[in-house]
Each structure stands twice: as structure tokens, then as C-alpha cells.
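In: Sharing a sequence plus its predicted fold:
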Amino acid sequence: MVIILFAEFIRDGHPIADIESYLNDEDLELFRTTSDDDLVHVWGTSVDGTWRNVERNDIALVYHDGAFVARGQVLQLRHDPDLAEYLWRENVEHGRWNEESPWEYMTFLTDIEEVDVDIEEFNELVGYDKTYRPQGFTRVADKRLNQLSGEESVETAIADLTDAGERVHPVDDEDDGPTPDLADQLQAASTDGDAHEEFEKLVAKAFSRLGCAADWIEGGGDTDVEIRSPEHVVVEVKARGNGRVNSLEVTNVDKHRRQRGADHAIVVAPGFAPKVIDNAETTELTTIAVDDLVELLDRRDEYAVPPEEILALLTRSGAFQDDRLDLLDEYIQDRIDAGETLLAVI
């Protein structure tokens, strides 16, 4: 989590077009894809030690005059003296620009929301002394965040404090019932228009059952499920009363993937219209119907298929269909044959 002194240009942003010449193609595409208003929100510091401990997806809290007034999420980090000089040399108050100590270590933010949180409430949450006041660019120590009592995640604790942002719920399926029960629940929720949130939870549980480290992400305009390992993947969940998705907002899915810094995106739904399946390979994401997800659960349950093998098939762009299940079945049969050969030798 990052605490940043408040500045109007964080909230107001800068036009992407104005800084395009300073950006490489990758960052330019990232900012364009994730911005709703063609603006970037950025803070610069001269303190590189603290800055190098910041990571993408860290929560950023913006401080001003005894309170936190905005929150966001770290989108990208960039060391760029030239861009810093362009942005701030002529646009800071009280002549604070210092040629010897420029704000060249830059943190770009996304999902900026205004909040109103008294500093003492924050101090109590993380265990700071009640008189604590931020003195510049600061990162809250991991040991303090790890000691948040009664909270599932740092994101949930901050969301409860600020009444903004998403709540992240790590999934643990150890106490759940057998796979057939989960399969029935998935299929029922996928076509219930009033059970979208329940469907999201069940999909997160399904990926956990497949051996992945998965979180259900509640609220906000974020993705629905995040897989943290064995690969970093976001999952969009689409419940449909008519049993299929007829069109897909690919741009929005890709925006969520880029905001999370994930390598791939998967869309789960009860089914997909033929045109969505036809277009899936060109969208650089994977679509999978609930029935096929259930097939994967069955194979994992019966043959203990490693999650790496499952994710290798799920992170290939296009529609997950019978041909990919056939590949998985061939892998399973090869393992069975190898085991039988080994037993025969023994």
C-alpha cells in the first residue's frame, strides 16, 4: 500500500496525448487501454529507495491536511527524468522543483476515487501512533499490513475504511463438499440472473479446486476472479438467463487484465453464441462454458491433473472446446500408460 501527499494533478490527471512522445509503445498502449478519459494520473518522487519497494496493484492513498482524500491503484512504475521535468518544472507551486533532486521516480495510478478518511482512523487500522502524520512518499511496512486483525485481505480492510474500491476474498475450498455439488451449483447459478455474485464466488471456488491460488474480487468495476498462481490470470464471469453470451466487451476485459498486470484473461459463462466462439481466437482471451469447466473439475478430481497442465490449455487464446479436452485426456492417458509401464518393470 502506498501513501502519497495530495496534489491536484493526481486527481485531475494529464492528457495522454501531451506525454505520448515520452512513452514507449507498451506504456502508451497500457495507459490508453486502461483510461476512461484519455488521462493519466501520476505522482513523482526523488526518493528512489521507497519507490523501488512499490509494486503494481498496490493501493495508493492520497493524503492532504489531516485526511486521506483519494485512493487509487498502482498501474505502472517508471523512472523518467525527462518526463518529470516536462510535467512539473513549470507547473509546481512555490518554486519547489529542484534540479538536484527531481521527481523522476514516477508512479502511475488507476481507478482514482475521492474518499474522506481521517488520518487517526488509518493510524488505528495499521497500528501507527495516533499522532502519526505522513512526511512524504511512504510505503506502509508489510508487517503492519500482515497484522490487520479480522480481515481477509489488505484490500478488504482498506475498502472498509474508505468505503471505496474492491474487496478481495481469498478462496479456500478445503471444507467444501464434493465436486458434483459444486458442479450443480455452478450450472444453476450461471443461468440465474439474480445470482451473479454467487456465480462469481463459485467460479473462484472452481479454480481453487483446480489447484489454483484464486481470489474472488467483490465490488467496483474490477475483474471478478484473480488467479495468482500457477499463472497470473483474470477471470470475467458472465451469468445469462438465456444460457449464452451473445456479445463480449473485449475491450473492457482487456482493460481489467492490464490493470491487474495479468498475463491472460478468461471469460466463464453458461455458453457462448457461435459468433463469439468464432471471434474468440482474435481477441487474445479464452472463453469457456460452464459445462467444460465442470469437465475440468471432474478430471482434476479423478486424476489429480496438475494445475499447470490445466492452465496451459486455458491460457491459449480462443474458445475452450472439445478439442482441448481431448488434449487433456491424451495427457492423462499418457500418465496412466507410463505408470503401468513402470509397474510392469518393477
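Out: Thanks, I have it. Numbers count the residues shown, from 1 in each chain.
In: for this protein, longest helix please?
Out: Longest helix in the chain, counting residues (DSSP state H): helix 322-345.
In: tell me which strands and helices it is in contact with?
Out: Helices and strands touching helix 322-345, by 3 or more Cβ pairs under 8 Å, 6 or more residues apart in numbering; DSSP states H and E, are helix 290-303, helix 307-314. (Each C-beta comes from the backbone N, C-alpha and C, glycine too.)
In: Include distance to residue 34, mean neighbour count and mean pLDDT when you put those helices into a markdown table, please.
Out: As requested, the helices and strands packed on helix 322-345 are exported to a markdown table (distance: least, Cβ to Cβ, whole Å; neighbours: other Cβ atoms under 10 Å; pLDDT from 0 to 100):
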| stretch | distance to residue 34 | mean neighbour count | mean pLDDT |
| --- | --- | --- | --- |
| helix 290-303 | 28 | 18 | 96 |
| helix 307-314 | 24 | 19 | 97 |
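In: Show me what the longest helix of the chain is in contact with.
Out: Residues outside helix 322-345 that contact it (Cβ atoms under 8 Å, 6 or more residues apart in numbering): 292, 295, 296, 299, 303, 305, 309, 310, 313, 316.
In: Closest one to residue 89 out of those, please.
Out: Residue 89 lies nearest to residue 316 out of the contacts of helix 322-345, by Cβ to Cβ, at 47.4 Å.
In: What helix or strand is the closest one located in?
Out: Assigned by DSSP states H and E, residue 316 belongs to no helix or strand.
In: Might one say that it is in contact with residue 284?
Out: No - judged on Cβ atoms under 8 Å, residue 316 makes no contact with residue 284 at a distance of 10.4 Å.
In: Figure out how far stretch 187-195 is from the centre of its chain.
Out: Here stretch 187-195 is found 24 Å from its chain centre; the criterion is Cα atoms, centre = their mean, to the nearest Å.
In: Figure out the length between the terminal residues of it.
Out: End-to-end distance of stretch 187-195 (Cα to Cα, to the nearest Å): 11 Å.
In: swap in stretch 190-200?
Out: So stretch 190-200: terminal residues 9 Å apart, Cα to Cα.
In: Tell me which residues are up against it.
Out: So stretch 190-200 is contacted by 186, 188-189, 216, 218, 224-225, 237, 239-243, 269-270, 290 (Cβ under 8 Å, 6+ apart).
In: Filter the residues you listed down to the ones in helices?
Out: Going by DSSP H, the helices hold 186, 188, 189, 290 from these.
In: Report the buried members of the residues you listed.
Out: Neighbour-count burial (16 or more other Cβ atoms under 10 Å) applied to the ones in helices among the contacts of stretch 190-200 gives 186, 189, 290.
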